[in-house]
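Visitor: mind folding the following:
(one chain, ligands or ions: 1)
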Amino acid sequence: VISDRLKTIASYIPEHKRVADIGGDHALLLMYLAKRHQLQHGIVGELNEGPFQNAKTRVQAFQCDSLIDVRLGNGLSILSPHEVDVVVIAGMGGNLITQILEEGKPSLIGVHTLILQPNISSGLIRKWLVKNGFRIHQETIVKENDILYEIIVAIQETSDEIKPEILYDMGPMLWKERHPLLREKIEYEINSRKRVLNQLEKGKTAQAISRRQQIQNELYQWEEAL
Ligand code: SAM
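Guide: Numbers count the residues shown, from 1 in each chain. Here you go, the predicted model:
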């Protein structure tokens, strides 16, 4: 059983994504998603030894350890670029959340969605988001035990930047909604181009060279989308 606050946060996490919960404490949020088969992979980050051990024990006890990693460390430093699609930071003050985002900018490369739940000072977060290329996508307020909790969902603008011509092959709606099988399709497109490039390797005619360049270009674009 999780609180309405956590349940509402969970409802904003798109299904079958790689999700990090920074300051994840009890690990309840990601375990809730894992139990509902809505999680591709989860990472709980914790600064403090107590909650870190607590999360680790709980994740193991409920046999979620193949799906959820628990990591000890400060803020976003526990993540590499492109490691997750969604980052959740909940249950802290807006100043701490903003500080974690600012210090962790390199780890935000490749992150599509931020789900932030400040207990106070939400304005600081919105200012940071707008200054740093995130678009505020959805907001809500949850009331629990007479306390109002704000939830802010933001999308990173650069993650939608994709060369228009590749959208014909990709499918603009599939890309926009991040269809669960799109990643597999992109991998398929990449592999088939690699195979063709291998076959074209030896051709020295002008035609073979220009065909190679064309496929190489397409390959770059598909790889960028991954
Ligand atoms: N996110 C959970 C929730 O919303 O229910 C837990 C919120 S709890 C009040 C805040 C947690 O953040 C604590 O477990 C604390 O150890 C952790 N924390 C504080 N600063 C942190 C930082 N810089 N990096 C990672 N975790 C941090």
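Visitor: give me the sheet partners of the one helix or strand Ala20 maps to and which way each runs.
Guide: Here Ala20 sits within strand 17-22, counting by DSSP states H and E. Sheet pairing for strand 17-22, assigned by DSSP bridges, gives strand 39-46 (parallel), strand 86-92 (parallel).
Visitor: enumerate every residue touching Leu114.
Guide: Listed by Cβ atoms under 8 Å, 6 or more residues apart in numbering, the contact set of Leu114 reads 86-89, 101, 108, 129, 134, 152-156. In short, each C-beta sits where N, CA and C put it, glycine included.
Visitor: try it again at 10 Å.
Guide: 86-89, 97, 101, 108, 125, 129, 134, 136-137, 152-156 (Cβ atoms under 10 Å, 6 or more residues apart in numbering).
Visitor: show me which residues of the chain sit near the ligand.
Guide: 6, 22-25, 45-48, 51, 74-75, 90-92, 96, 100 (Cβ under 6 Å from any ligand atom).
Visitor: try 8 Å this time
Guide: Listed as neighbours of the ligand in the chain under the rule Cβ under 8 Å from any ligand atom: 3, 5-6, 9, 21-26, 28-29, 45-48, 50-51, 73-75, 78, 88-92, 96, 99-100, 117, 119.
Visitor: could you flag which of those residues are buried?
Guide: By neighbour count, with 16 or more other Cβ atoms under 10 Å, these hold 5-6, 9, 21-25, 28-29, 45-46, 51, 75, 78, 88-92, 96, 100, 117, 119 as buried.
Visitor: hey, where'd the strands end up in this structure?
Guide: Using DSSP state E, the strands found in the chain span residues 17-22, 39-46, 68-72, 86-92, 113-118, 134-144, 147-156.
Visitor: orientation of the second one relative to strand 68-72 in degrees?
Guide: Yep, that's strand 39-46 we're talking about. Between the axis of strand 39-46 and that of strand 68-72 there is an angle of 20 degrees, by axes from the mean of the first three to the mean of the last three Cα atoms, to 10 degrees.
Visitor: and the pLDDT for Asn217?
Guide: Model confidence at Asn217, expressed as pLDDT, equals 81.
Visitor: gap between it and Ser77?
Guide: Applying Cβ to Cβ, to the nearest Å, the value for Asn217 to Ser77 is 36 Å.
Visitor: cool, Gln213 as well?
Guide: Using Cβ to Cβ, one gets 40 Å for the distance from Gln213 to Ser77.
Visitor: who's more crowded, these two?
Guide: Legend: neighbour count by other Cβ atoms under 10 Å for Gln213 and Ser77, higher for Ser77 (16 against 10).
Visitor: check contacts around the more buried one.
Guide: Counting by Cβ under 10 Å, 6+ apart, Ser77 touches 22, 45, 47, 71, 100, 103-104, 106-107.
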